[in-house]
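J.: how would this look folded up:
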Amino acid sequence: MFVTLVTLEKFFKKINGWDRALVIFFVLGIVITGISLLRGILVDRQVQVEYVTGDKVGNETKIFVDVEGSVINPGVYELFVGSRIKDALVSAGGMSETADRQYCEKNLNLAEIVKDGDKIYIPKVGVSPAQGGYIDEGIVAKKINLNTAGVAELDTLWGVGAARIESIVKNRPYKNLDEVVTKGGMTKTIFEKNKALLSVF
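T.: Purely as a prediction, here's the structure:
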């Protein structure tokens, strides 16, 4: 190392001022180039990590939930994935004056997360159904008999309003479930959505 420094000192003494400046610029250029290359290699080796929030599932961030019964604005609402029953009720304007709040307090879990295609039914005072006010798709505690069900029971079905209830009642009796479609009581889409909830006997 000492020999190299002595050699460089003798070299600088032999060259004039302009040549010294050129040599200094040349050395600085080599040093800067080396640093840049080293930084580039280190950056290429870094791993980039992308964090995805829990609310996003694949490319879907929205779901659709049907809120019916004693709410201010019944209908189908678009919610974010991870929303809860409370959020769905807020979207529907909240419970109406006729809602059976005592029943809902006992049977409705406002903190429960809803899924795409779920239906939330808020019963009226005096006509609360035997099962809870939240119908999870594919899970049925009690089936609705199309030949004997009352207005309150039929009103819990997806896509079934006053006009549809009148049509279902008018076309009774039904020998099998398919007849509710062929007789005009339900459209095929509404029937398929409610099929797991229905019975005929």
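J.: going forward, measure contacts and count neighbours with C-alpha atoms only.
T.: Fine.
J.: show me the shaky parts of this structure.
T.: Applying pLDDT under 70 to the chain flags residues 1-23, 37-60, 127-142.
J.: in it, which spans are strands?
T.: Ranges of strands in the chain, per DSSP state E, are 62-69, 75-80, 119-122, 134-135, 144-145, 198-199.
J.: make CSV out of these and add distance to Met186.
T.: Compiled in CSV, the strands of the chain are given as follows (distance: least, CA to CA, whole Å):
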stretch, distance to Met186
strand 62-69, 17
strand 75-80, 18
strand 119-122, 18
strand 134-135, 20
strand 144-145, 14
strand 198-199, 12
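J.: winner for burial among the ones you listed?
T.: Mean neighbours per residue, mean count of other CA atoms under 10 Å, is largest over those for strand 119-122, with a mean of 25.
J.: note down every partner strand of that one and its orientation.
T.: When pairing is defined by DSSP bridges, strand 119-122 lines up against strand 62-69 (parallel), strand 134-135 (antiparallel).
J.: what about the helices in the protein?
T.: Here the chain has its helices, by DSSP state H, at 2-14, 17-44, 85-91, 101-107, 151-154, 162-170, 179-182, 188-194.
J.: what is the neighbour count of Asn73?
T.: Using other CA atoms under 10 Å, Asn73 is surrounded by 17 other residues.
J.: show me the domain layout of this structure.
T.: Structural domains annotated on the chain: 2-44, 53-135, 143-201, as defined by automatic domain parsing.
J.: separation between the residue nearest to Phe64 when sequence neighbours are not counted and Ser91?
T.: Closest residue to Phe64 apart from its sequence neighbours, by CA to CA, 6 or more residues apart in numbering: Glu78 at 4.6 Å. Applying CA to CA, to the nearest Å, the value for Glu78 to Ser91 is 9 Å.
J.: Phe191 touches Val181, doesn't it?
T.: Yes - judged on CA atoms under 8 Å, Phe191 makes contact with Val181 at a distance of 7.1 Å.
J.: compare these two and say which is more crowded by neighbours.
T.: Using other CA under 10 Å, the more surrounded residue of Phe191 and Val181 is Phe191, with 21 against 16.
J.: residues contacting that one?
T.: Residues near Phe191 by CA atoms under 8 Å, 6 or more residues apart in numbering: 180-181.
J.: switch the cut-off to 10 Å
T.: Counting by CA atoms under 10 Å, 6 or more residues apart in numbering, Phe191 makes contact with 157-160, 177-178, 180-181, 185, 197-198.
J.: give me the number of residues near Thr189?
T.: Neighbours around Thr189, by other CA under 10 Å: 11.
J.: ok, Gly126 next?
T.: For Gly126, the neighbour count with other CA under 10 Å is 10.
J.: show me what contacts it?
T.: So Gly126 contacts 98-100, 103 (CA under 10 Å, 6+ apart).
J.: same question for Ala162.
T.: Taking CA under 10 Å, 6+ apart, we find Ala162 in contact with 151, 154-155.
J.: straight-line length of stretch 91-98, end to end?
T.: Its first and final residues considered, stretch 91-98 spans 18 Å by CA to CA.
J.: please point out which parts of it sit buried.
T.: Neighbour counts over stretch 91-98 (16 or more other CA atoms under 10 Å) mark 91-92, 94-96 as buried.
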